[in-house]
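Q: Structure for the following, please:
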Amino acid sequence: MKCPNCGAEMKEGRLYCENCGEDIHIVPDFEPELERNIEQSLGHILDDVGQQEPSERKDKEADAGAKQGSLSGRLRPLAGWVGMGLLVLLLIAGGVRIFQYYSSDYQAERARKATVAGQYERAIRYYNRAMELDRLNVDLMLELADVYFLKNDKTEYEFWLQRIVEDPKTDAEQLSSAYGKLIALYRAKEDYQTINDMLLTCESESIRTTYQSYLAQMPQFSVPAGDYDEVKALKITVTGKGNIYYTLDGSVPDERDEHYTTPILLENGDYKVQAIFVNENGVVSEVADATYHIHVEELEPPLLNVDGGVYDTPVLITVVNDTEDVYYTTDGTVPTMDSAQYTEPIPMPLGVSTFQFARLETGRSSVVVERVFTFELDTDVTPEKAVDKVRKHALDTGKIRDDSGHFEDSEACYQYQYLYVIDINDINAFYVVAEVFVDAQGVAARTGNYYAVNAYSGYFYRLQIEDGGYQLSEL
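A: Next up is the predicted model:
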């Protein structure tokens with residue numbers, strides 16, 4: 001191996017030349033270029049030397065000439081090491097830049113800083129790059145959606161939230177956040193139909209429960225469709241605030257149809273029930289429907305002791321078979337379980353009356369029995385005259401002080417009321433008059449004092465009524 005400085009042969013393994021004393025260094029291929037750069041940077045030193053005295057300059061030139069070879073030899077390896085250092089720095093800087101470009105965390109952090117600075121377009125670019133690198137990160141999508149919200153781009157905001165809702169990688173917390181933001185967006189636009197449709201497809205029971213007030217769920221029927229041999233009380237239920245509307249003839253209901261408030265009694269017959277729910281935001285549910293066939297054996301109808309017709313003497317209308325669960329009306333309307341219940345014989349009213357009787361149980365009914373009666377008495381003593389006689393007696397005895405029935409300095413009073421006409425003790429036709437106490441607030445109640453006025457003679461008695469029996473006593 002020859003010395004690169006003086007050309008003398010060197011022993012193997014030596015790191016310096018024994019001839020010229022120069023250290024030996026191995027440098028890269030670009031060493032001459034680095035040497036030129038260094039020499040140029042030192043050029044001003046040589047210029048200064050040119051400005052010195054001639055004698056000094058000659059001496060220095062001589063010294064420089066002697067040392068030039070040594071300086072050049074020593075600068076050459078130094079330049080090599082500087083070049084390698086610069087190369088390493090460039091490689092490190094390039095590596096950092098490459099790492100940053102391919103780091104999702106770095107891109108996301110730059111995006112967040114840009115968002116805080118209000119640089120939304122730059123933030124969007126960084127978020128898009130971050131999501132290219134980490135396609136599983138739903139949090140990045142949520143953050144990007146928020147940037148579009150800040151940018152007031154509601155279209156992209158909605159787009160990204162919808163992507164999050166549909167993404168199978170979205171966890172429960174992220175899903176709840178996305179639904180909450182979407183619902184707030186649609187609520188601001190009063191687009192309640194979209195909220196309803198979105199929630200109906202949501203598989204999270206927790207989210208559906210949280211926002212159930214926005215749902216218009218299809219009504220549920222308490223009785224499955226089918227054939228039944230008993231009357232059914234059909235309940236229609238739904239979760240949420242609003243109204244249920246229904247039809248029984250198979251037509252599609254709307255808000256003009258029957259408003260459901262109480263269970264529907266399905267008695268004998270065929271029904272095709274359809275129902276909808278309209279929530280408080282006006283959103284209409286899907287139609288619920290069911291078909292029912294009800295066939296129930298009817299109850300035995302009441303049997304009466306009298307037929308309809310004209311009567312001129314008092315008659316007690318009596319049910320002669322089982323009296324349990326018998327209801328009646330006197331105005332021609334069909335009896336219900338809210339009508340008067342038969343418990344004892346009923347005195348036939350004066351004038352024309354239409355009685356209807358039926359045996360009723362929950363969900364079951366007999367045939368309705370109707371009777372029309374005309375009852376008149378051939379007498380000048382009317383029920384009104386009978387009441388006047390009793391009132392006059394109360395005045396005469398000092399029980400009351402005026403025709404209005406007052407008995408002291410208060411608004412309370414006694415009044416007298418005609419009830420009906422009956423036979424008593426085989427004596428034909430007595431008008432029964434009851435005494436009624438009316439307090440200062442106008443609340444009326446019978447006192448338990450009764451009077452019987454003969455319909456033909458006008459003579460009257462005190463009347464005792466006990467266990468359906470009548471007893472006359474002189475006043």
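Q: residues of stretch 211-226 that come out buried?
A: Of the residues in stretch 211-226, those with enough neighbours to count as buried (16 or more other Cβ atoms under 10 Å) are Tyr211, Tyr214, Leu215, Ala216, Gln217, Pro219, Phe221, Val223. Placement of C-beta: from N, CA and C, glycine included.
Q: what's the answer for stretch 278-290, then?
A: Under the neighbour-count rule (16+ other Cβ under 10 Å), stretch 278-290 has Val278, Asn279, Asn281, Val283, Val284, Ser285, Ala288, Asp289, Ala290 buried.
Q: Nearest to Ile346 among the residues you listed?
A: Minimum distance to Ile346 across the buried residues of stretch 278-290 is 42.2 Å, recorded for Ala290 (Cβ to Cβ).
Q: Next, that closest one: secondary structure please.
A: Secondary structure, DSSP: H, G, I helix; E, B strand; the rest coil: Ala290 is strand.
Q: repeat for the one 3 residues further on
A: Here His293 takes the strand state, with states given by three-state DSSP.
Q: Ala130 too?
A: For Ala130, the secondary structure call by three-state DSSP comes out as helix.
Q: in what helix or strand does Lys385 lie?
A: Using DSSP states H and E, Lys385 sits in helix 383-396.
Q: Same list (the buried residues of stretch 278-290) but as TSV, adding distance to Gly442 and pLDDT.
A: Below are those laid out as TSV (distance: Cβ to Cβ, whole Å; pLDDT from 0 to 100):
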residue	distance to Gly442	pLDDT
Val278	43	96
Asn279	44	94
Asn281	46	93
Val283	48	95
Val284	48	95
Ser285	48	95
Ala288	48	97
Asp289	51	96
Ala290	50	97
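Q: contact partners of stretch 173-187?
A: Residues outside stretch 173-187 that contact it (Cβ atoms under 8 Å, 6 or more residues apart in numbering) are 138-139, 142, 145, 149, 154, 157-158, 161-162, 164-165, 170, 192, 194-195, 198-199, 202, 204, 206-207, 210-211, 214.
Q: Now that stretch: average pLDDT?
A: Here stretch 173-187 scores 95 as its mean pLDDT.
Q: Can I get it in PDB? Just the C-alpha atoms.
A: This file holds the C-alpha atoms of stretch 173-187, laid out as PDB (Å, rounded to 0.1, in the frame of the first residue of the first chain):
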ATOM      1  CA  GLU A 173     -70.000   5.100  23.000                       C
ATOM      2  CA  GLN A 174     -69.100   6.300  19.500                       C
ATOM      3  CA  LEU A 175     -72.500   5.200  18.200                       C
ATOM      4  CA  SER A 176     -74.300   7.100  21.000                       C
ATOM      5  CA  SER A 177     -72.300  10.300  20.200                       C
ATOM      6  CA  ALA A 178     -73.000  10.000  16.400                       C
ATOM      7  CA  TYR A 179     -76.800   9.400  17.000                       C
ATOM      8  CA  GLY A 180     -77.000  12.300  19.400                       C
ATOM      9  CA  LYS A 181     -75.400  14.700  16.900                       C
ATOM     10  CA  LEU A 182     -77.500  13.500  14.000                       C
ATOM     11  CA  ILE A 183     -80.700  13.800  16.000                       C
ATOM     12  CA  ALA A 184     -79.700  17.300  17.100                       C
ATOM     13  CA  LEU A 185     -79.100  18.200  13.400                       C
ATOM     14  CA  TYR A 186     -82.400  16.900  12.200                       C
ATOM     15  CA  ARG A 187     -84.300  18.300  15.200                       C
END
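Q: So for it, what gets flagged as buried?
A: Going by neighbour count (16+ other Cβ under 10 Å), the buried part of stretch 173-187 is Gln174, Leu175, Ser177, Ala178, Tyr179, Lys181, Leu182, Ile183, Leu185, Tyr186.
Q: repeat for stretch 159-178
A: Buried residues in stretch 159-178, counting neighbours by 16+ other Cβ under 10 Å, are found at Trp160, Leu161, Ile164, Val165, Thr170, Gln174, Leu175, Ser177, Ala178.
Q: All the helices of the protein, residue numbers only.
A: Chain-ordered helices for the chain, with DSSP state H as the definition, fall at 31-41, 43-50, 54-101, 104-116, 120-133, 138-150, 154-166, 172-188, 192-200, 205-210, 383-396.
Q: rewinding a little: the helix holding Lys385 packs against which elements?
A: Helix 383-396 sits against strand 413-424, strand 427-438, strand 444-454, strand 460-466, with contacts defined as 3 or more Cβ pairs under 8 Å, 6 or more residues apart in numbering; DSSP states H and E.
Q: contacting residues for Val381?
A: Contacts were defined as Cβ under 8 Å, 6+ apart; by that measure Val381 touches Tyr431, Val453, Asn454, Ala455, Tyr456, Ser457, Gly458.
Q: Of those - the most surrounded one?
A: Tyr431 (28 neighbours; other Cβ atoms under 10 Å).
Q: Just list whatever residues bridge to that residue.
A: Val421, Val453 (DSSP bridges).
Q: Distance of it relative to Tyr126?
A: Distance from Tyr431 to Tyr126, counting by Cβ to Cβ, to the nearest Å: 102 Å.
Q: Leu266 now?
A: Leu266 sits at a distance of 66 Å from Tyr126 (criterion: Cβ to Cβ).
Q: Count the residues that sit near Lys235.
A: Counted with other Cβ under 10 Å, the neighbours of Lys235 add up to 14.
Q: repeat for the one 10 residues further on
A: The number of residues packed near Tyr245 is 20, by other Cβ under 10 Å.
Q: again with the one 5 residues further on
A: Here the count is done by other Cβ under 10 Å, and Gly250 has 12 residues near it.
Q: What of the one 3 residues further on?
A: Each residue near Pro253 was counted by other Cβ under 10 Å, and the total is 23.
Q: from memory it sits against Phe277, does it?
A: No. Under the contact definition of Cβ atoms under 8 Å, Pro253 does not touch Phe277, with a separation of 10.2 Å.
Q: Quick one: buried ones out of the contacts of stretch 173-187?
A: In the contacts of stretch 173-187, burial by neighbour count holds for 138, 142, 145, 149, 157-158, 161, 164-165, 170, 192, 194-195, 198-199, 207, 211, 214, counting by 16+ other Cβ under 10 Å.
Q: Adding distance to Thr397, write the buried residues of stretch 159-178 out as a markdown table.
A: Formatted as a markdown table, the entries for those read as follows, by distance: Cβ to Cβ, whole Å:
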| residue | distance to Thr397 |
| --- | --- |
| Trp160 | 95 |
| Leu161 | 90 |
| Ile164 | 92 |
| Val165 | 88 |
| Thr170 | 92 |
| Gln174 | 91 |
| Leu175 | 87 |
| Ser177 | 87 |
| Ala178 | 88 |
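Q: for those residues, which one is nearest Glu324?
A: If you rank the buried residues of stretch 159-178 by distance to Glu324 using Cβ to Cβ, Leu175 comes first, at 61.0 Å.
Q: Give the buried residues for the helix holding Lys385.
A: By 16+ other Cβ under 10 Å, the buried positions in helix 383-396 come out as Pro383, Ala386, Val387, Lys389, Val390, Arg391, His393, Ala394.
Q: what angle sits between that helix and strand 413-424?
A: 130 degrees (axes from the mean of the first three to the mean of the last three Cα atoms, to 10 degrees).
Q: chain center to helix 383-396, what's the gap?
A: 66 Å (Cα atoms, centre = their mean, to the nearest Å).
Q: just stretch 178-188 next, same as before
A: Per Cα atoms, centre = their mean, the displacement of stretch 178-188 from the mean C-alpha position of its chain is 15 Å.
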